[in-house]
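[1] starting from these lines, generate the structure:
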Amino acid sequence: MRQQPPINPAWWREGAIDGVPLMQVLARQDVAAVFRFLHSRGWSRSAIAAATGLAESRVRRISQGRQAVTSYEVLERIAVGLGIERGWMGLAYTGPPGALGERPALGVSVTRPPWAGQPACPGQRP
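    The predicted model follows:
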């Protein structure tokens, strides 16, 4: 079997398919577009199937838009198998870069929510 090209992690942040940034494709969980993108990068359907644990026939149906992926477990398997941050597909408590846990870009205003610094229970110190 021919070995697929390695996944470049920057693809998910910087790539596009049909003029749509992959970050948007991932956010809407458009697995068909993800598979088409990989195919355009030299990945065969059998390589996608091997990486994600899906049957090749299912990869083909998804790629052609004949089958949608709605199962959390399958979406997670695809994300993990393809090296996609789970949060980028709405599968975790993280989001796109800069959403949580990362410093905001220069010039971005960050405000604290009104409850920040307030005690969790009355009588406690903040």
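[2] now the end-to-end length of stretch 9-28.
    One end of stretch 9-28 sits 19 Å from the other (C-alpha to C-alpha, to the nearest Å).
[3] give me the mean pLDDT for it.
    Per-region confidence: stretch 9-28 scores 94 on mean pLDDT.
[4] list the buried ones in that stretch?
    Using 16 or more other C-beta atoms under 10 Å as the test for burial, stretch 9-28 gives 11-12, 15, 17, 22, 25-26. Bear in mind the C-beta positions are built from the backbone N, C-alpha and C, glycine included.
[5] before we move on, what about stretch 69-80?
    Within stretch 69-80, judged by 16+ other C-beta under 10 Å, the buried ones are 69, 74-75, 77-79.
[6] residue 45 - how many residues pack around it?
    By the measure other C-beta atoms under 10 Å, the count of residues near residue 45 is 19.
[7] residue 47 too?
    Residue 47 has 19 nearby residues by other C-beta under 10 Å.
[8] poorly predicted segments of this protein, please.
    1-4, 93-126 (pLDDT under 70).
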